[in-house]
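K.L.:
Need coordinates for the below:
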Amino acid sequence: MSVTAASGTRIPHTKLRRLEDASLVAQDTGHPVHAGQPVALTDAGRAALFAARRAPTTQTPKVPARPGTSPSTPAQRR
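P.N.:
Numbers count the residues shown, from 1 in each chain. This is a model prediction of the structure:
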């Protein structure tokens, strides 16, 4: 189960509970979650959710080999 924030971001129920526990989400408790409860993320909640979805950038992208060249060999270990 998931909910959709006003921005259109879908939030899984488990992540919603964690955001609630950290007071990073505001809810309209007049409606149950499974019936389309309006949910709004605080600025801190939006930043936390975005940071969790961002892919790690520690790896460098591989450069494609030039056509007609042989594949490179790995460096020898010492």
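
K.L.:
okay, CA-based contacts and neighbour counts for the rest of this
P.N.:
Fine.

K.L.:
what's residue 35 sitting at in phi/psi?
P.N.:
phi -100, psi 20 (degrees, to the nearest 10).

K.L.:
State the distance from it to residue 46.
P.N.:
Noted for residue 35: a distance of 23 Å to residue 46, by C-alpha to C-alpha, to the nearest Å.

K.L.:
Which one's more surrounded, these two?
P.N.:
Taking neighbours as other C-alpha atoms under 10 Å, residue 35 and residue 46 compare with residue 46 leading, 17 against 8.

K.L.:
now that one, nearest residue through space, not along the chain?
P.N.:
Distance criterion C-alpha to C-alpha, 6 or more residues apart in numbering; nearest residue to residue 46, sequence neighbours excluded, is residue 24 at 8.0 Å.

K.L.:
Show me what the mean pLDDT comes to for the top helix by length along the chain.
P.N.:
For the chain, the longest helix by residue count, based on DSSP state H, is helix 43-53. On average, the pLDDT along helix 43-53 is 79.

K.L.:
Show me which residues of it are buried.
P.N.:
Neighbour counts over helix 43-53 (16 or more other C-alpha atoms under 10 Å) mark 45, 46, 49 as buried.

K.L.:
Tabulate the CA atom coordinates of that helix in CSV.
P.N.:
Taking Å, rounded to 0.1, in the frame of the first residue of the first chain, the C-alpha atoms of helix 43-53 are listed here in CSV:
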residue,chain,number,x,y,z
ASP,A,43,10.2,20.7,3.8
ALA,A,44,12.5,18.5,5.9
GLY,A,45,10.4,15.4,4.9
ARG,A,46,10.6,16.3,1.3
ALA,A,47,14.4,16.6,1.6
ALA,A,48,14.7,13.3,3.4
LEU,A,49,12.6,11.5,0.9
PHE,A,50,14.5,13.0,-2.0
ALA,A,51,17.9,12.1,-0.5
ALA,A,52,16.7,8.5,0.1
ARG,A,53,15.7,8.1,-3.6
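
K.L.:
Please consider this matter closed, and thank you.
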